[in-house]
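[1] mind folding the following:
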Amino acid sequence: MISVPKGPDPEPAPPPENLFPDDIDLPKQLTSSGRDYTPLWSPDGNHIAFLSLRNTYNPDFSVMRFELWVMEKDGSNQRPILSIDDLDEGSSILHSRVSWAKNSNELLVSVYNSNTSEIWRVNLDGNKSRFTSIDDWAGFPLYSFDGTKMAFFVQESGPYSRTSRWTLYRK
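    Down below sits the predicted model:
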């Protein structure tokens with residue numbers, strides 16, 4: 001097979017000035033502490049709740065003491081709504097144990113320490129209260145899709161073990 005040249009090599013194309021089309025919504029960094037985790041959108045899309053260690057991180061502690069923070073969808077107005085100061089000594093919020101109410105004004109949160117686990121109800125306006133008894137060993141709260149009910153579990157035998165009995169509740 002014989003190859004016949006077709007003329008001079010074409011000039012290479014100039015490098016692109018922008019690798020992304022203008023109509024693509026590029027990711028926007030919302031926090032910069034390096035200690036923020038598990039974002040969760042509010043049902044109305046106006047807020048993002050997240051867990052943070054920005055005020056509590058200590059590499060010498062064996063337990064991470066998370067706080068619950070919230071911000072506007074654009075990253076503004078970042079603030080703690082359940083801080084370590086609100087909790088009993090040694091308590092922390094558990095990863096992935098946060099649930100928004102349908103009205104986007106309230107969250108349920110699992111709070112854990114070595115002696116108990118309980119659920120707190122936290123409002124965006126700063127009001128907060130324990131939702132379950134401190135003796136319940138309760139966790140994994142979840143609002144129903146219509147926002148009228150909540151489900152959670154209570155561990156009947158205290159701290160987790162292989163023989164633990166778990167019971168689901170609805171309120």
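[2] C-alpha only now, for contacts and for neighbours.
    OK.
[3] for residue 119, phi and psi?
    phi -110, psi 130 (degrees, to the nearest 10).
[4] any buried residues in stretch 111-130, and which?
    Buried residues in stretch 111-130, counted by 16 or more other C-alpha atoms under 10 Å: 111-113, 116-124, 128.
[5] once you drop chain neighbours, what's closest to residue 156?
    Of all residues not flanking residue 156 in the chain, residue 165 sits nearest, at 5.4 Å (C-alpha to C-alpha, 6 or more residues apart in numbering).
[6] ah, wrong one, I meant residue 146
    residue 102 (6.6 Å).
[7] check residue 109 too.
    The shortest distance from residue 109 to any non-neighbouring residue, by C-alpha to C-alpha, 6+ apart, is to residue 98 (4.6 Å).
[8] which ones are touching the one you found?
    Taking C-alpha atoms under 8 Å, 6 or more residues apart in numbering as the contact definition, residue 98 lies against 107, 108, 109, 110, 140, 141, 142.
[9] tell me which two in the residues you listed are the farthest apart.
    The largest distance within the contacts of residue 98, taken as C-alpha to C-alpha, falls between 107 and 140 and amounts to 12.2 Å.
[10] wait, the residue nearest to residue 146 sits on residue 45?
    No - contact criterion C-alpha atoms under 8 Å: residue 102 and residue 45 do not qualify, at 10.8 Å.
[11] more neighbours: which of those two?
    Shown here are residue 102 and residue 45; by other C-alpha atoms under 10 Å, residue 102 has more neighbours (17 against 11).
[12] for residue 54, grab the count of nearby residues.
    Residues near residue 54, counting by other C-alpha under 10 Å: 15.
[13] contacts only, for residue 30.
    74, 75.
[14] shouldn't it be within a helix?
    No - going by DSSP: H, G, I helix; E, B strand; the rest coil, the assignment for residue 30 is coil, not a helix.
[15] next one: it from residue 107, what distance?
    Counting by C-alpha to C-alpha, to the nearest Å, the gap from residue 30 to residue 107 is 21 Å.
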